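*Asks:* predicted structure and sequence below. I'll ask about it afterward.
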Amino acid sequence: MFSELDTSFQHLISQWFILMAAVVVLCFLVSEITRNYSQVDKLWSLMPVAYSWMAAVSFPSPRLFLMAILVTLWGLRLSYNFYRKGGYNIIPWKGTEDYRWQIMRYNPVLKGRIRFGLFNLFFISLYQNLLILLFSSPLLPASLYHDQPLTGVDLIAAILVLTFVIIESIADNQQFRFHQEKQIGGFNEKHYTASLKKGFLTEGLWRYVRHPNFAAEQGMWISFYLFGVAASGQWINPTLAGCVLLVLLFAGSTWLTEGISSRKYPDYAVYQKEVPKFIPRIRDLIRNQRKS
């Protein structure tokens, strides 16, 4: 029995890596040919869904089906948000490119066809795909110990994952509406008048933290890690690396994003001093609750 499980588990891992390797090569070649370096961005919301259902089909169990369903909900939400911002196109390799890749192409360290090509290969295409696999990796202990029953930790993890998905949905909707009002006057009634004057969003969830969508994304995958804890019984296990590396990626991405905003908007430095980056202050939550 153990040897059968061991073989099936190894087969699942090998299938994950085969899929990841194929996607890495595809993303690198397509991005180099088209000069659109958002190919991994197109698959960011799809790959965890694929990994989840591969695990659930290989080791059918209540925990894995629950994890796969939650990841699918997350993926559908993120894919829709990416789509409405122009990220997807009927021609698969086209679509809006993330403005940060455009900026980084002109960075003196990366400028040049060969240097940015290496950056594309090792960071954009390879590292990001490896990271997606790693923060999906709590599916592995859930697969290895698929016969373990659901626990209270699973319930907590599921509630937290859903909560963060909802928060991220609200944040993305607010941001999308703001940019519509800013760029094309998409609504007769302006919802973000104060933010429009400054040029950047400071209302809605943005009055509590500077990046509520980023914070919720990190919180979602940290919470997802708890499923692996519930299955293995180990609070610290190797799959922790995925959510830790994701947090580090967001730290770097946020630093780049805020650097751009600081140069573009004079009031952004004041906003940085007044509003925390990811974790809201309790007193701010209480104060705004009383005002409402």
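*Replies:* Great, that's in hand.

*Asks:* switch to C-alpha atoms for all contacts and neighbour counts from now on
*Replies:* OK.

*Asks:* quick check: buried residues in stretch 76-94?
*Replies:* For stretch 76-94, burial by neighbour count (16 or more other C-alpha atoms under 10 Å) applies to 77-79, 81-82, 87-88, 93-94.

*Asks:* just the helices in the stretch 1-150 of the chain please.
*Replies:* Under the criterion DSSP state H, counting those that start in this stretch, the stretch 1-150 of the chain carries helices at the ranges 2-34, 39-43, 47-58, 62-84, 99-104, 113-119, 128-135, 139-144.

*Asks:* Arg207 is nearest to which of those?
*Replies:* Proximity to Arg207, assessed across the helices of the stretch 1-150 of the chain by C-alpha to C-alpha, is greatest for helix 62-84 (21.4 Å).

*Asks:* restrict the closest one to CA atoms and write it as PDB.
*Replies:* Below are the C-alpha coordinates for helix 62-84, written out as PDB (Å, rounded to 0.1, in the frame of the first residue of the first chain):
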ATOM      1  CA  PRO A  62     -12.500  16.000   1.000                       C
ATOM      2  CA  ARG A  63      -9.500  18.200   1.800                       C
ATOM      3  CA  LEU A  64      -8.100  18.200  -1.700                       C
ATOM      4  CA  PHE A  65     -11.500  18.800  -3.300                       C
ATOM      5  CA  LEU A  66     -12.000  21.700  -0.900                       C
ATOM      6  CA  MET A  67      -8.600  23.100  -1.700                       C
ATOM      7  CA  ALA A  68      -9.200  22.700  -5.400                       C
ATOM      8  CA  ILE A  69     -12.500  24.500  -5.300                       C
ATOM      9  CA  LEU A  70     -11.100  27.400  -3.300                       C
ATOM     10  CA  VAL A  71      -8.200  27.800  -5.700                       C
ATOM     11  CA  THR A  72     -10.600  27.700  -8.600                       C
ATOM     12  CA  LEU A  73     -12.700  30.500  -7.100                       C
ATOM     13  CA  TRP A  74      -9.500  32.500  -6.600                       C
ATOM     14  CA  GLY A  75      -8.400  31.800 -10.100                       C
ATOM     15  CA  LEU A  76     -11.700  32.800 -11.700                       C
ATOM     16  CA  ARG A  77     -11.700  36.000  -9.800                       C
ATOM     17  CA  LEU A  78      -8.100  36.900 -10.700                       C
ATOM     18  CA  SER A  79      -8.600  35.900 -14.300                       C
ATOM     19  CA  TYR A  80     -11.700  38.100 -14.700                       C
ATOM     20  CA  ASN A  81      -9.800  41.000 -13.200                       C
ATOM     21  CA  PHE A  82      -6.900  40.500 -15.500                       C
ATOM     22  CA  TYR A  83      -9.300  40.200 -18.500                       C
ATOM     23  CA  ARG A  84     -11.200  43.400 -17.800                       C
END
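
*Asks:* report all helices and strands that it contacts.
*Replies:* Counting contacts by 3 or more C-alpha pairs under 8 Å, 6 or more residues apart in numbering; DSSP states H and E, helix 62-84 is packed against helix 47-58, helix 139-144, helix 152-183, helix 212-232.

*Asks:* which among these is found nearest to Phe17?
*Replies:* Using C-alpha to C-alpha as the criterion, the shortest distance between Phe17 and the helices and strands packed on helix 62-84 is 10.1 Å, found for helix 47-58.

*Asks:* residues making contact with the closest one?
*Replies:* Helix 47-58 is touched from outside by 8, 12, 16, 64-65, 67-68, 71-72, 75, 132-133, 136, 139-140, 143, with contacts defined as C-alpha atoms under 8 Å, 6 or more residues apart in numbering.

*Asks:* what sits against the residue nearest to the spatial centre of the chain?
*Replies:* Using C-alpha atoms, centre = their mean, the residue of the chain that lies closest to the mean C-alpha position is Glu217, 5.1 Å off. Shown here is Glu217, whose contacts under the criterion C-alpha under 8 Å, 6+ apart are 164-165, 168.
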